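Undergrad: coordinates only, sequence not included:
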């Protein structure tokens, strides 16, 4: 699957599992799958497919 | 100095601060305190999965109002997407619209900015559009439901001051929502100038972040914004072409 522009071999894993595998530690983050924002309470349930396009975003410094 | 109301909030400070370009994130809380500000901007980006840095939110006091920007957006559609992602972060519903496709001057695309403002205001966002100071565009942004307009003083990051003075003054005089001068404010006297002109607030990032001592500069901007506002409230004295003595022209010790 595509995560933040990179290719990963994962498939059929939950968003929560993906975040753990990628060791994403940001306290505030938002996940978008195929351009649709995923609610946090769906992170355990929603399974990601092989060709899904995932974006994990967070805040950074900016003006 | 009195509170002012904007985006559904009452604020004491008329200084908004951006969090980009600081030499290190650790000084940001001290800068915010010295600047006396409560409104803080930040950007939204992909998490760098290879080298994760600490989240900017860890350095922003909880009582601050977050004003995420849509930097990186090249059109209305991308700005709308970024705004929705930012709101999902759970940090409020303020958003600064920044739609830029020109990388040389980083000037905002007014047309796309109006489109994004219309959609996001309808979705309940408090929308703060960064814009070129154009009266007709400002009116359309008011019509679209913007919470304020944010005309630029000079291109982002240039520290060149209020180069758009005449056009910005027209917005201040004609537009009935808050006018926040954004971008180009390079020194405290520029911030004072904007406030003396009657701007409701200013947004400063580069001038503070790239100063030799950002904390001290935050303090200088705090005073400058207050001084400028008080000067505006007290109504500036008139200007004249020729001299007019301040001391009496009688009773000289001569003759």
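TA: Perfect, thanks for sending it. Owing to the predicted nature of the structure, the values given are computational and were not obtained by experimental measurement. Numbering: from 1, shown residues only, chains lettered A, B, ... in the order given.
Undergrad: let me know whether residue B:37 touches residue B:18 as I believe.
TA: No: between residue B:37 and residue B:18 there is no contact under CB atoms under 8 Å: 10.4 Å. Every residue, glycine included, has its C-beta placed from N, CA and C.
Undergrad: can you list the residues that contact the helix or strand that contains residue B:77?
TA: Take DSSP states H and E as the rule and residue B:77 turns out to sit in helix B:76-88. Residues from elsewhere that reach helix B:76-88, judged by CB atoms under 8 Å, 6 or more residues apart in numbering or on different chains: A:30, A:32, A:35, A:37, A:57, A:59, B:44, B:68, B:70, B:72-73, B:93, B:95, B:97-99, B:112-113, B:115-116, B:119-120, B:123, B:125.
Undergrad: same question for that helix, mean pLDDT?
TA: Helix B:76-88 comes out with an average pLDDT of 96.
Undergrad: against residue B:34, how distant is residue B:23?
TA: 15 Å (CB to CB, to the nearest Å).
Undergrad: what stretches of chain A score poorly on pLDDT?
TA: Across chain A, the ranges flagged by pLDDT under 70 are A:26-27.
Undergrad: picking that back up, just the ones in helices from the contacts of helix B:76-88, please.
TA: Those of the contacts of helix B:76-88 mapping onto helices are B:112-113, B:115-116, B:119-120, per DSSP state H.
Undergrad: most neighbours out of those, which is it?
TA: Ranked by the number of neighbours (other CB atoms under 10 Å in any protein chain shown), those place residue B:113 first, at 31 neighbours.
Undergrad: mind listing what residue 37 touches?
TA: Just going to use chain A. A:30-31, B:84-85, B:88.
Undergrad: that's the wrong chain, I meant chain B
TA: B:13, B:15-17, B:64, B:218, B:222.
Undergrad: circling back to that earlier point, just put the contacts of residue A:37 in CSV and tack on distance to residue B:173 and neighbour count.
TA: Formatted as CSV, the contacts of residue A:37 follow (distance: CB to CB, whole Å; neighbours: other CB atoms under 10 Å in any protein chain shown):
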residue, distance to residue B:173, neighbour count
A:30, 40, 23
A:31, 46, 26
B:84, 34, 17
B:85, 36, 20
B:88, 38, 18
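Undergrad: based on its surroundings, how many neighbours for residue B:48?
TA: 12.
Undergrad: quickly note the distance from the closest residue to it other than its chain neighbours to residue A:33.
TA: Leaving out its chain neighbours, the residue that sits closest to residue B:48 by CB to CB, 6 or more residues apart in numbering or on different chains is residue A:4, at 7.9 Å. Relative to residue A:33, residue A:4 is positioned 12 Å away (criterion: CB to CB).
Undergrad: which residues are in contact with both of these two?
TA: Counting by CB under 8 Å, 6+ apart, the residues touching both residue A:4 and residue A:33 are A:54-55.
Undergrad: residue of the stretch 51-200 of chain B nearest chain A, please.
TA: Closest residue of the stretch 51-200 of chain B to chain A, CB to the nearest CB: residue B:88 (4.5 Å).
Undergrad: got the contact list for residue B:141?
TA: The neighbourhood of residue B:141, defined by CB under 8 Å, 6+ apart, consists of B:113-114, B:117, B:129, B:131, B:149.
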